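Student: Following is a predicted model, sequence given first.
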There are 2 protein chains.
Amino acid sequence: MTGNCDNKCEKDQRMNNFEYYNPTRIVFGAGMIAELGRLVPDDAKVLLTYGGGSIKRNGVYAQCMEALKMVEVLEFGGIPPNPTYEVCMRAVDLCRREGITFCLAVGGGSVLDGTKFIAAAVPFEGDPWLFLEKRGEVVPKDALPIGCVLTLPATGSEMNPFAVISKEATREKRAFDSELIQPRFSILDPKTTMSLPRKQVRNGIVDAFVHVCEQYITYPVNTPLQDRQAQAVLKVLIEEGPKTLTDPFDYDARANVMWAATSALNRHLQVGVVQDWSTHMIGHELTAFYGIAHAESLAIVLPVRWRLDKKRKGRKLSQYAREVWGVEPTKKDEEAADEAIDKTVTFFNSLGMPTRLADYGIDARECAQKVRARFNERGSAFGEHGDIDGNRAAEILLQC
Amino acid sequence: MTGNCDNKCEKDQRMNNFEYYNPTRIVFGAGMIAELGRLVPDDAKVLLTYGGGSIKRNGVYAQCMEALKMVEVLEFGGIPPNPTYEVCMRAVDLCRREGITFCLAVGGGSVLDGTKFIAAAVPFEGDPWLFLEKRGEVVPKDALPIGCVLTLPATGSEMNPFAVISKEATREKRAFDSELIQPRFSILDPKTTMSLPRKQVRNGIVDAFVHVCEQYITYPVNTPLQDRQAQAVLKVLIEEGPKTLTDPFDYDARANVMWAATSALNRHLQVGVVQDWSTHMIGHELTAFYGIAHAESLAIVLPVRWRLDKKRKGRKLSQYAREVWGVEPTKKDEEAADEAIDKTVTFFNSLGMPTRLADYGIDARECAQKVRARFNERGSAFGEHGDIDGNRAAEILLQC
């Protein structure tokens, strides 16, 4: 990457105009699953979607069914991590056959993203994969209403219009968005997160952390409120995240992490600012090609993405160093940025999160080649300057 | 006020359960009034409400009418500061007579609050003052949809379900709220604020500042994210507010203050935390009895409210001292709290805002008597411990 700030970043020193709309009703706290009866329409025919079945062991499923006893409920389980088009299309068939009128996702971001796709696909005539392949061109015109009982703080999907879906057949992982797939409500009971495996807790903290970074560590356009709100979420994840690993039953820490993860990607940090998202785009390919978890892929890419673009991201990186990591204000910007990157890696590692491709036995050169070819084929480029193309992604991956 | 933390504050050390719902679409930035045509329904019959008529001099009215040229628009001007029941009821008659289907408020918080009342009153059979007199018992079942073009950053009414209305006949100032009166959209163009009189700018900054304080300076229930988000808004008002007084045409500062004022009362700072609002309740009476502006009343009451309850508010006051005002971490809590209160008063004064009843020629003893009598008559008590009754309000006012 070239070092100097290009014309675009010199010009754009003013807060971007923006539109913000977030109609999801958040129902937060211990015992709130009981509110489902009030939140789901009386005359709904519900499809309750879930993942591997942990909700049947930890009591969440029973709480949902108790709250929904006056409503007709069908089930669709087995939505996998990185929810696949292939599995979701089976649920779409079921919805059409049974005349489902409401989708209730019970689980984490994968169940929710899969359910968002299902909800938009049901009324669509044609192949709904087009929502992802031709994002922005082919868009949902209608969708079943969605509700959510969240059990894993991580993706922010519970309060945003985004969904990421994978296609097994072609090893692709793509995103789409629509106001129509934003949940009508999401119930967040921190107690439901107490039985999560350590690895999912760790991944959730890192996922939320990187979401904030993608909206914050770019170049400044004079948005002190958004910057401080981003720092607030990062600090809470740094302080409260480890507590949830030390004592899984610390309600306060669970509640704080859960609300922080939702706040990390409910769009209020991104209003008016410049966004990156190249770590996500490269990370998605690591998941698509090698099957490593989403958060794991982000922890590998982010530090190198920052190191290789340190000059252009310098003002935000040094602000982040000082405000989030307490790096001395007297330190030079470049040193402060280096220190912040090191501290970020140390934080990820302290949660038990690897940060190198080699930790997963992945060969960096082979990986770089694959991702370069895919991005070149699609002609896509990402990042706040729109210049992270196949070649630059390969440069990054070679150092991962 | 008694010094020690009572049972309630000892018990409630856990984040409160909460419900958060905010469906207002924010359309923010220079030139965005042109979006009105897209945001108002094609078939609407619009009542455009406004205040003293500054919108006809500063170009805002012309921009609105240009954007709405395909829609039928009637006007209702003259909504006063502290909008009155009496004036609003004339607009209600007009809406009923003309079959208005959409209300567009163009102005600041007073125009907007008046319009919220009008929108809820139109379909109501009975005296709509009951929404305020019997708040929570008599509630709107329906309301005309509302849109807003905001020209004065201050009250947060553009993104919340609250409205405050005054009744001239009885010198009362009361609040009500309903999801039905929350604006469908609010357009915030920072340029529209550049022609505001200095006094309104000053009042707006103080109003937003006190809104944050009412949701933040209470007692802690382990909500580090909400606390930091509150601090973020306060810091931006402290840093950017004065810039808008020094250079009225500083777009960046105008934009930051405008977004901060909306963020101060769009309900996301109040989720899960303990709230006060006694400064507002006492301040409303100062406005009702003596006609001083809302923000002016808050600047008088807040510092004394804090001084007299310094022990129970001590943990939050000292956190505020350190995080917002940079008071040395080594200082004792009580000293830090004192310093924070002094700095707050100095900040208000630096904006040209008086902080004493005497500055308005109001006799503190007479004022205390009037307010005591009114609160006692209503049997109302406020504040985070629910114990700021007529007698305590009088104690506060005697020292104002």
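Tutor: Done, it's in.

Student: What is the neighbour count of A:Asp142?
Tutor: 11 (other C-beta atoms under 10 Å in any protein chain shown). For every residue, glycine as well, the C-beta is placed using N, CA and C.

Student: tell me the secondary structure for it?
Tutor: Under the three-state scheme (DSSP: H, G, I helix; E, B strand; the rest coil), A:Asp142 adopts coil.

Student: For burial, what's the neighbour tally of the closest residue to it other than its chain neighbours?
Tutor: Ranked by C-beta to C-beta, 6 or more residues apart in numbering or on different chains and with sequence neighbours excluded, the top spatial neighbour of A:Asp142 is A:Pro123, at 4.4 Å. Residues lying near A:Pro123 (other C-beta under 10 Å) number 16.

Student: Please list all residues in contact with A:Pro123.
Tutor: A:Lys141, A:Asp142, A:Ala143, A:Leu144 (C-beta atoms under 8 Å, 6 or more residues apart in numbering or on different chains).

Student: Against the centre of chain A, work out the most remote residue.
Tutor: A:Thr330 (34.8 Å; C-alpha atoms, centre = their mean).

Student: Confirm that residue sits in a helix?
Tutor: No - using three-state DSSP, the secondary structure at A:Thr330 is coil, not a helix.

Student: how about the strands of the stretch 51-200 of chain A, start to end?
Tutor: With strands called from DSSP state E, counting those that start in this stretch, the stretch 51-200 of chain A shows them at A:72-76, A:102-107, A:146-150, A:162-167, A:172-177, A:185-188.

Student: most packed of those strands?
Tutor: Most buried of the strands of the stretch 51-200 of chain A by mean neighbour count (mean count of other C-beta atoms under 10 Å in any protein chain shown) is strand A:146-150; its value is a mean of 28.

Student: quick one: it to strand A:102-107, angle?
Tutor: Relative orientation of strand A:146-150 versus strand A:102-107 (axes from the mean of the first three to the mean of the last three C-alpha atoms, to 10 degrees): 20 degrees.

Student: Mind listing residues that contact strand A:146-150?
Tutor: A:33, A:36, A:39-40, A:60, A:64, A:102-108, A:112, A:115-116, A:119, A:158, A:181-189, A:192, A:258.

Student: got it, and stretch A:356-363?
Tutor: A:Leu286, A:Tyr290, A:Ile292, A:Glu296, A:Ile300, A:Pro354, A:Ala364, A:Cys367, A:Leu397, A:Cys400.

Student: Just the buried subset of those, written out for ChimeraX, thanks.
Tutor: Listed next is the ChimeraX selection for buried residues among those, using 16 or more other C-beta atoms under 10 Å in any protein chain shown:
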select /A:286,290,292,296,300,364,367,397,400
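
Student: Those residues of the stretch 1-150 of chain A touching chain B, which are they?
Tutor: Within the stretch 1-150 of chain A, the positions near chain B by C-beta under 8 Å from any C-beta of the partner chain are A:14-32.

Student: just checking, which of the residues you listed belong to strands?
Tutor: Judged by DSSP state E, strands contain the following of the residues of the stretch 1-150 of chain A next to chain B: A:Phe18, A:Glu19, A:Tyr20, A:Tyr21, A:Asn22, A:Pro23, A:Thr24, A:Arg25, A:Ile26, A:Val27, A:Phe28.

Student: List buried residues within the residues you listed.
Tutor: A:Phe18, A:Glu19, A:Tyr20, A:Tyr21, A:Asn22, A:Pro23, A:Thr24, A:Arg25, A:Ile26, A:Val27, A:Phe28.

Student: now those residues as TSV including distance to A:Gly379?
Tutor: Below are those laid out as TSV (distance: C-beta to C-beta, whole Å):
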residue	distance to A:Gly379
A:Phe18	27
A:Glu19	28
A:Tyr20	30
A:Tyr21	31
A:Asn22	32
A:Pro23	35
A:Thr24	34
A:Arg25	40
A:Ile26	39
A:Val27	43
A:Phe28	42
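
Student: who does the helix or strand containing A:Val233 touch, helix- and strand-wise?
Tutor: Using DSSP states H and E, A:Val233 sits within helix A:224-246. Counting contacts by 3 or more C-beta pairs under 8 Å, 6 or more residues apart in numbering or on different chains; DSSP states H and E, helix A:224-246 packs against helix A:198-216, helix A:251-264, helix A:314-325, helix B:224-246, helix B:251-264.

Student: Show me what counts as buried in the last one.
Tutor: Going back to what we said before, that points to helix B:251-264. B:251-264.

Student: re the thing from before, quick check: angle from the helix holding A:Val233 to strand A:18-28?
Tutor: Going by the same axes, to 10 degrees, helix A:224-246 makes 30 degrees with strand A:18-28.

Student: The helices and strands packed on helix A:224-246: which one's closest to B:His211?
Tutor: helix B:251-264 (4.4 Å; C-beta to C-beta).

Student: orientation of the helix or strand that the closest one is followed by relative to strand B:162-167 in degrees?
Tutor: Scanning forward in sequence from helix B:251-264 by DSSP H and E, the next helix or strand is helix B:278-290. Between helix B:278-290 and strand B:162-167, the angle formed by their directions is 20 degrees, by the same axes, to 10 degrees.

Student: Just the C-alpha atoms of helix B:278-290, please, in PDB.
Tutor: Taking Å, rounded to 0.1, in the frame of the first residue of the first chain, the C-alpha atoms of helix B:278-290 are listed here in PDB:
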ATOM      1  CA  SER B 278     -36.300  16.100  39.100                       C
ATOM      2  CA  THR B 279     -34.400  19.100  37.700                       C
ATOM      3  CA  HIS B 280     -36.900  19.100  34.700                       C
ATOM      4  CA  MET B 281     -39.900  18.800  37.000                       C
ATOM      5  CA  ILE B 282     -38.800  21.700  39.100                       C
ATOM      6  CA  GLY B 283     -37.700  23.700  36.000                       C
ATOM      7  CA  HIS B 284     -41.100  23.200  34.400                       C
ATOM      8  CA  GLU B 285     -42.600  25.100  37.300                       C
ATOM      9  CA  LEU B 286     -40.200  28.000  36.900                       C
ATOM     10  CA  THR B 287     -41.300  28.200  33.300                       C
ATOM     11  CA  ALA B 288     -45.000  27.900  34.100                       C
ATOM     12  CA  PHE B 289     -44.900  30.500  36.900                       C
ATOM     13  CA  TYR B 290     -42.300  33.000  35.600                       C
END
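
Student: Which helix or strand lies directly C-terminal to that helix?
Tutor: With DSSP H and E setting the assignment, the helix or strand that follows helix B:278-290 is helix B:294-307.

Student: ok, residues contacting that next one?
Tutor: B:81-82, B:154-155, B:164, B:202-204, B:206-207, B:210, B:213, B:217, B:276, B:278-280, B:282-284, B:286-287, B:313, B:317, B:337, B:341, B:344-345, B:348, B:353-357, B:360, B:388, B:396-397, B:399-400.

Student: and with 7 Å instead?
Tutor: Applying C-beta atoms under 7 Å, 6 or more residues apart in numbering or on different chains, the contact partners of helix B:294-307 are B:82, B:203, B:206-207, B:210, B:213, B:217, B:278-280, B:282-283, B:286-287, B:313, B:317, B:341, B:344-345, B:348, B:353-357, B:396, B:399-400.
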